[in-house]
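1. Structure for this input, please:
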Amino acid sequence: VQLQASGGGLVQAGGSLRLSCAASGSDLRGYIMGWHRQTPGRPSEFVAAITSGGDTNYADSGKGRFTISRDNAKNTVYLQMHSLRPEDTAVYYCAATYDFAIATLVDGYAYWGQGTQVTVSS
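-> Numbering: from 1, shown residues only. Alright, predicted model coming up:
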């Protein structure tokens, strides 16, 4: 499966962004999808994951602010982010895995898209 992330940009603190991850080459219904983020000099951080049936898991940092969703008909996964903070600044990556039990782990993902930069100004 090939993944293409988009939707990043520059936003002021308190603002919102919606990231998209479009898949090709395979039906996304066969995968658990996740979003991770990375800032320079720091390890990649789990953000959120969603099963094909809609079960979700969020990192504490995004609970109440971020919503992961998927449109299986469009083969696309989304990350809606509200109340953005400067510490949310990172490159955001979408990824696909087969196992929800390890969806919080970077090493648990077999397929990765390229990142999309999110910058939140104070």
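2. residues touching the one residue sitting closest to the centre of the chain, list them.
-> In the chain, the residue lying closest to the centroid (C-alpha atoms, centre = their mean) is residue 35, at 2.3 Å. When contacts are counted by C-beta atoms under 8 Å, 6 or more residues apart in numbering, residue 35 touches 19, 21, 47-49, 68, 77, 79, 92-95. The way it works is simple: take the backbone N, C-alpha and C, and place the C-beta from them, glycine included.
3. Likewise for residue 57?
-> Contacts here follow C-beta under 8 Å, 6+ apart; on that basis residue 57 touches 48-50, 100, 103-104.
4. got it, and residue 82?
-> 16, 65-66.
5. for residue 115, same thing?
-> 5, 8, 38, 91-93.
6. same thing but at 7 Å, please
-> 5, 91-93 (C-beta atoms under 7 Å, 6 or more residues apart in numbering).
7. circling back: dump the contacts of residue 82 to CSV, plus pLDDT.
-> Converted to CSV, those look like this (pLDDT from 0 to 100):
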residue, pLDDT
16, 98
65, 98
66, 98
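8. mind listing the strands for the protein?
-> Secondary structure of the chain (DSSP state E): strands at 2-6, 9-12, 17-24, 32-38, 45-50, 56-58, 66-71, 76-81, 90-97, 111-112, 116-121.
9. what's in contact with the second one?
-> Under the contact criterion C-beta under 7 Å, 6+ apart, strand 9-12 has outside partners 17, 84, 119-121.
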